[in-house]
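>>> sequence first, predicted coordinates after that:
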Amino acid sequence: MKALGKTGVLLAVPAALMIIGLVIYLSKRGHNRSTFESQRLVELLRSLNPTSQGKSESFDSLHLAVRSQGLLLKRIRVGPGHWESQVHEAMGSVDIEGFDSVTLCFGHNSQRAETPLKSRRSYQTDMGVKGFRFQYQGQAIDYCGLTSISTNRTPWKMLTVLSKSTGVSPESMNTRELQLTVYDNLQYHVNWRDGVVKEMYRGNQLVPLDDINKKNLHSMVDRLAGWLVNNTNPTTGKMQYKYWPSSGRFSDANNMIRQFMATYALQRWGDRQGDNSLKSLALDNLAYNLQQFYKEAEGVGFIEFQQKRKLGAAGLAALSIYKSSQPERFRRQYRGLMKAIEGQWQRNGSFRTFILQERNDLHNFYPGEALFYWAHVIENQPQSHLLKKFMKSAGYYMKWHMKNRNPAFVPWHTQAYYRVWKINKSKFLKNSIFKMNDWLVESMQGLEENEGYSHPDFQGRFYYPKGGFGPPHASATGVYLEGLIDAWELAKDTGDKVRQEQYRRALLKGLRHAMQLEFRDDLDMYYISNRKAALGGLRTKVYDNEIRMDNIQHNLLAFFKILDRFDESDYSF
C-alpha cells in the first residue's frame, strides 16, 4: 500500500472523476432518451385522443408494457393521474432499448366487486375487457385486460398466482376477506418502429361485418392453411395438436378424430393448390398417423389411442385414405377400417360406437362421422351397397335426434345427407337437413343475438345461453359453418329462397366470429414470439387463446365451400 504513495492517490482521483462523469453522462443520455420516447408516445396517443370517448383525462392506473418481437421486456404499472403524466412516468421507468412495440392499458371506473367468487368461471367472459385487482392480507395482484390476455389468465387463475405470495390456497382465499376491484380498460397498441397507434378491444380489434368479402376470405384461407403446413413436421409428418401462445409451448395431448380430419383438410389444400409438395406433406402426415395409431384385431382395423377405438376415428382415417393422392399405398389399412365400420353397423340403422369394445355412447358424434365417410364413397359409387345402409341409418338417427336434440349432431349428418341427396334427391334427406339447420340457427345463434350480446366480439358465435350444449368454441363455429353452407346450397338447389337467405346471414355472422378469433397480424400477436406457431391459428374463444388443430381445420373446410359457392354479392350483409 505504501508503494502507491501520493502518486497512487493522484492517479486514483482522476480515474474516479472519469467514472463519475461517465455515469452522469450515461444517466443524462438515458434520461434524455426516455424523455424523448415518452414525449413521442404522448404525441402518438394524442392522434387518437384517449379522452375523446367521454372519458376523463385522468385514469385510475396505467399498465404499460414494452416488447421485442413479442417477447416481454418490461411491464410497468403507475397509479392515478392525468394520462399524459402517467405515460411520462411509465416510460421514464423503461430503461431498455430495442423494443418494437408498446401496449398501454388505462384503467378507469374502478368498482368494488362482491366476494367470494361464485365459481372458477366467474368473470371469465370479462377477461381482456376489464381489469382485476385482488387483495388479501396485505398482498395484492393487479391484471389489466392486456395482461390477462397475454398470460391467458382468468380471474381464478390470477388467484392461483396470488396464492404463491400469500401461501394460502385459492380456495381458502376465496372468502369475504378477499377484496376484488374490477375496472374498465382503454387499450392501445403502438408499433414503435412505424409510429402506428391502434385502439384495441380485448387485445385485438373488432371485426366489422363489412370486412367479410371474398378477397379477405381468400387471405384468411391462405393463413389457416399455412397454419396446418407450418405446424406439420416436414421430416416425420407429425402435426402439432395444440399450441399455447402465452407460454409458447405445444401440448402433449392428442385426439385421433381431429388428427385425421386435419389430414383430410391438408389433402384438400394440396388438391386445391395443385402443389405436389403439399400433397407429399399430406401423404407423410397420413402415413405418420397410420403408423402410430392403426392396429388390427379379429380381422378388422381400427385407430387406437389411450385404449379407445372410436368409430369416428376409423371413419375419418378411412376417409383420409380414400381421398389421398395415393390410396393404394394404404390398401391394407383401408380394407381393415372399411370392414370395421361396416361391422359396427346394426340392422336397425344404428352404429356401435367403439370397435371391439363394450362402450357404446357419443352417438351425437361418431355415427355422423362414419356416415360422412360413407357419403364420399356413395358420391363416387352411386350403386354402392352402402347406399341402402346409409338411408337406413339416416332414418334411425333422425328419429333419435328429434328425441335427443344436440347441435353437435347437426353438421356431420347435414354434410353426409347433402352428398347423398345430390345422388338420390331423397325428400327425406332434404327435409331432415332443413329441420336440423333451422333449429341450429335459431337456438345456437339467434337466441343469444335476440337477447343481446354482453360483449361486441361475441357477435355471430354459436352458443346456447340457456346452457346444456357446452361453451362456445372455435371448432364448433367451424363445423357448424361446414354444415350450414351445404344447407344453404340445398336451399338454393331447391328454390327455397327464404331458407337460402336465412342460412346466408347465419353464415356471414359465423364468418365474422371466426375472423374475430384468428391470429392474423402483429397487433393481435403482440405478446407472441413464435409467430409461426400462431399465425392463422384460431383462438378457442375470444377470452381463451389456446389454439387447437380442429379450430383451424373445420373453419378451413367450411371456407373452401363458401369460396366455391358464394358470389361476390352473397358476402353483402
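On my side now, so go ahead. Computed from a predicted structure; not experimentally measured.
>>> drop to CA atoms for contacts and neighbour counts, all remaining ones
Will do.
>>> which residues in the stretch 101-250 of the chain form helices?
Along the stretch 101-250 of the chain, the stretches classed as helices by DSSP state H, counting those that start in this stretch are 145-151, 155-166, 170-173, 214-230.
>>> single out the most deeply packed of those.
Among those, the stretch with the highest mean neighbour count (mean count of other C-alpha atoms under 10 Å) is helix 145-151, at a mean of 24.
>>> can you show me the CA trace of that helix as CSV?
C-alpha atoms of helix 145-151 as CSV (Å, rounded to 0.1, in the frame of the first residue of the first chain):
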residue,chain,number,x,y,z
GLY,A,145,-57.1,-6.6,-19.7
LEU,A,146,-54.0,-6.8,-21.8
THR,A,147,-52.0,-8.6,-19.1
SER,A,148,-54.8,-11.2,-18.6
ILE,A,149,-55.0,-11.8,-22.4
SER,A,150,-51.2,-12.1,-22.8
THR,A,151,-51.0,-14.6,-19.9
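>>> run through who's touching it.
103, 105, 127-132, 154, 185, 187, 202-203, 246-247, 527, 543-545 (C-alpha atoms under 8 Å, 6 or more residues apart in numbering).
>>> okay, now the domains of the chain?
Using automatic domain parsing, the domain parsing of the chain gives 37-45+57-200, 209-571.
>>> for the shortest one, what is the average pLDDT?
Read it as domain 37-45+57-200. Mean pLDDT, domain 37-45+57-200: 96.
>>> on that earlier part again, among the contacts of helix 145-151, name the buried ones.
With neighbours counted by 16 or more other C-alpha atoms under 10 Å, the contacts of helix 145-151 contain buried members at 103, 105, 127-132, 154, 185, 187, 202-203, 246, 527, 543-545.
>>> hey, which helix or strand in the protein has the poorest pLDDT?
The helix or strand of the chain with the poorest confidence is helix 5-46; it has a mean of 59 (mean pLDDT, DSSP states H and E).
>>> which residue is the nearest non-sequential neighbour of Glu448?
Pro465 (6.2 Å; C-alpha to C-alpha, 6 or more residues apart in numbering).
>>> SS state for that neighbour?
Classification of Pro465 by DSSP: H, G, I helix; E, B strand; the rest coil places it in coil.
>>> ok so, going back, quick one: list the elements packing against the helix or strand following the least confident helix or strand of the chain.
Per DSSP states H and E, helix 5-46 leads on to strand 58-59 as the next helix or strand towards the C-terminus. Using 3 or more C-alpha pairs under 8 Å, 6 or more residues apart in numbering; DSSP states H and E, the elements in contact with strand 58-59 are strand 81-82, strand 101-113.
>>> which other residues reach the first one?
Strand 81-82 is touched from outside by 57-61, with contacts defined as C-alpha under 8 Å, 6+ apart.
>>> please, a PyMOL command that selects the buried ones among these?
Those of the contacts of strand 81-82 that count as buried under 16+ other C-alpha under 10 Å are selected in PyMOL with:
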select buried, resi 58+59+60+61
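>>> how far does stretch 203-218 stretch from one end to the other?
The separation between the terminal residues of stretch 203-218, taken as C-alpha to C-alpha, to the nearest Å, is 24 Å.
>>> chain center to that stretch, what's the gap?
Here stretch 203-218 is found 16 Å from its chain centre; the criterion is C-alpha atoms, centre = their mean, to the nearest Å.
>>> quick check: mean pLDDT of that stretch?
Averaging pLDDT along stretch 203-218 gives 97.
>>> residues contacting that stretch, please?
So stretch 203-218 is in contact with 128, 145-146, 149, 187, 199-200, 456-457, 508-509, 511-513, 515-516, 523-524, 559, 563, 568, 571-573, going by C-alpha under 8 Å, 6+ apart.
>>> only whichever of those are buried, select them in ChimeraX.
In ChimeraX syntax, the buried subset of the contacts of stretch 203-218 is picked out as below (16+ other C-alpha under 10 Å):
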select :128,145,146,149,187,199,200,457,508,509,511,512,513,515,516,523,524,559,563,571
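>>> just the contacts of stretch 203-218: which are in strands?
If you go by DSSP state E, those have 187, 199-200 in strands.
>>> now render the residues you listed as JSON lines, adding distance to Ser163.
Formatted as JSON lines, the ones in strands among the contacts of stretch 203-218 follow (distance: C-alpha to C-alpha, whole Å):
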{"residue": "Gln187", "distance to Ser163": "28"}
{"residue": "Glu199", "distance to Ser163": "33"}
{"residue": "Met200", "distance to Ser163": "30"}
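>>> closest one of those residues to Gly274?
Met200 (38.7 Å; C-alpha to C-alpha).
>>> okay, and the beta partners of that closest one?
Beta-bridge pairing for Met200 (DSSP bridges): Gln187.
>>> ok, now which ones touch it?
Residues in contact with Met200, defined by C-alpha under 8 Å, 6+ apart, are 186-189, 206.
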